[in-house]
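**Q** from the sequence below, what's the structure:
(4 chains)
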Number of protein chains: 2
Amino acid sequence: MGRPREFDADDALQTALELFWRKGYEGTSITDLTDGMGITKPSLYGTFGNKEELFRMALARYEQNYLAFFWSALEQPDARTVAFDILRGFVEAQTQSCNPAGCLVVNAATACSDAALEIHKTIVERIQTAQKALTRRFERAKREGDLPADSNPEDLARFIMTVQQGTAVQASNGAGREEIYRLIDLAMKSFPGQN
Amino acid sequence: MGRPREFDADDALQTALELFWRKGYEGTSITDLTDGMGITKPSLYGTFGNKEELFRMALARYEQNYLAFFWSALEQPDARTVAFDILRGFVEAQTQSCNPAGCLVVNAATACSDAALEIHKTIVERIQTAQKALTRRFERAKREGDLPADSNPEDLARFIMTVQQGTAVQASNGAGREEIYRLIDLAMKSFPGQN
DNA sequence: GACGTTCCATACCGATCGGTATAGAACGGC
DNA sequence: GCCGTTCTATACCGATCGGTATGGAACGTC
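**A** Numbers count the residues shown, from 1 in each chain, chains lettered A, B, ... in the order given. Below is the predicted model:
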């Protein structure tokens, strides 16, 4: 039924993801995308809807391929391991030499034009969702006696997310993986638990 | 000698600064600028050169008005006070209710289009300059016995900068001043010195 | 009051933005 | 071989991008 498409939609989406990752949502033009993906504009619009929908698909792929560790880290037995695994996982995702440095989500989380407000809103929601999930996990840890009674789960979750966001900026600006590993070792000294 | 300009260049620059701060370099169009500043395009180009030069002037003003505390904090007597004053100063600048949330520099430090590469390079240089100055200050502190002999000044400086960059993202995404104050109190537990 | 100078208002520039209409090429089903 | 369908190629759309040419209005100087 009909002419088969001459490109692999999955490969094309991966390419779009890497372009958005490296250049941001607004910094990536349709021409950048079609050139990189090796397809024409009607193919892009026919397959992915429009630029915003394409970005959302790329974001979903990014979360699935590069941020999935976050949700499994939540299942670690104690709060300190949860926190450390999350930070290590983020750093790995942000400093793979075969991928753009930094984090697609953080890159899209700061200033943006009026035209990109909807995308920005989605990004902020995603961050809040993760931060809330981490807060819930730390609340559980506190109930389980895993975190001290005087600790504040919300503050601890915000701290971990903040360090992650800071490392994303550092990675975008050229910091290496080993340096950032030392950084999170240092940051973990603020976290309650085995000193 | 000639007709006097009908607007205050300083006010106009302040408005441009706030627009760039809120919407980013690429997200702010010339029309956004002229509308906000209440001037016409020839006036903008006659007074400020072009968009890139205007941004650089706005950046200089930003550093002067909102980041000057950084350089005076370096003169505090001990490393811990230096670090704490820097973090507090950043949070104050990023969470003033009369100004856009977040940090102009961090907003411009992540992903960007090819067209903005020069701006991005300048921003990264600025961050590196500050980070290096902080490293030098911590090296001095180590020599003075103010930091432990086994501490790594470069890592400590990177840590402070990373927390600052993370708080900028948090502020951009709506975190309040008090929450971020608690955050940096927590972060300072990783820093060598009194408890 | 004419003059050179500077600024402002309008209209315009080529290029690019995101997005689409049209037409032809490549397939499966009959 | 013909048909309906789905893809691709090209050309095009209005809007906006950053930036400028032109012409008149407002000044200080003489």
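**Q** okay, now the domains of chain A?
**A** A:9-61, A:67-190 (automatic domain parsing).
**Q** which bits of chain A sit near DNA strand C?
**A** A:1-4, A:28-32, A:41-42, A:45, A:50-52 (C-beta under 7 Å from any atom of the strand). From N, CA and C alone the C-beta is placed, and that goes for glycine too.
**Q** in chain A, where is pLDDT below threshold?
**A** Where chain A drops to pLDDT under 70, the residues are A:195.
**Q** which element is the nearest residue to A:L33 once chain neighbours are set aside on?
**A** Leaving aside its chain neighbours, A:L33 sits nearest to A:A16 (5.6 Å; criterion: C-beta to C-beta, 6 or more residues apart in numbering or on different chains). A:A16 is part of helix A:9-23 when elements are defined by DSSP states H and E.
**Q** hang on, the earlier thing: of the residues of chain A next to DNA strand C, which is the most crowded?
**A** A:T28 (24 neighbours; other C-beta atoms under 10 Å in any protein chain shown).
**Q** the closest residue to that residue other than its chain neighbours: neighbouring residues, count only.
**A** In this structure, A:T28 finds its nearest non-sequential neighbour in A:L19, 4.9 Å apart by C-beta to C-beta, 6+ apart. A:L19 sits with 21 neighbouring residues when counted by other C-beta under 10 Å.
**Q** which residues sit in contact with A:L19?
**A** A:T28, A:D32, A:L33, A:G36 (C-beta atoms under 8 Å, 6 or more residues apart in numbering or on different chains).
**Q** and what of A:R140?
**A** A:D146.
**Q** chain center to the helix or strand it falls within: distance?
**A** Element membership of A:R140, judged by DSSP H and E, is helix A:117-143. From the chain centre to the centre of helix A:117-143 is a distance of 12 Å (C-alpha atoms, centre = their mean, to the nearest Å).
**Q** ok, now stretch A:182-195?
**A** With C-alpha atoms, centre = their mean, you get 22 Å for stretch A:182-195.
**Q** again with stretch A:73-93
**A** Using C-alpha atoms, centre = their mean, the offset of stretch A:73-93 from its chain centre is 14 Å.
**Q** just give the nearest non-adjacent residue to A:S29, would you?
**A** A:S29 sits nearest to B:S113 (C-beta to C-beta, 6+ apart), 7.6 Å away.
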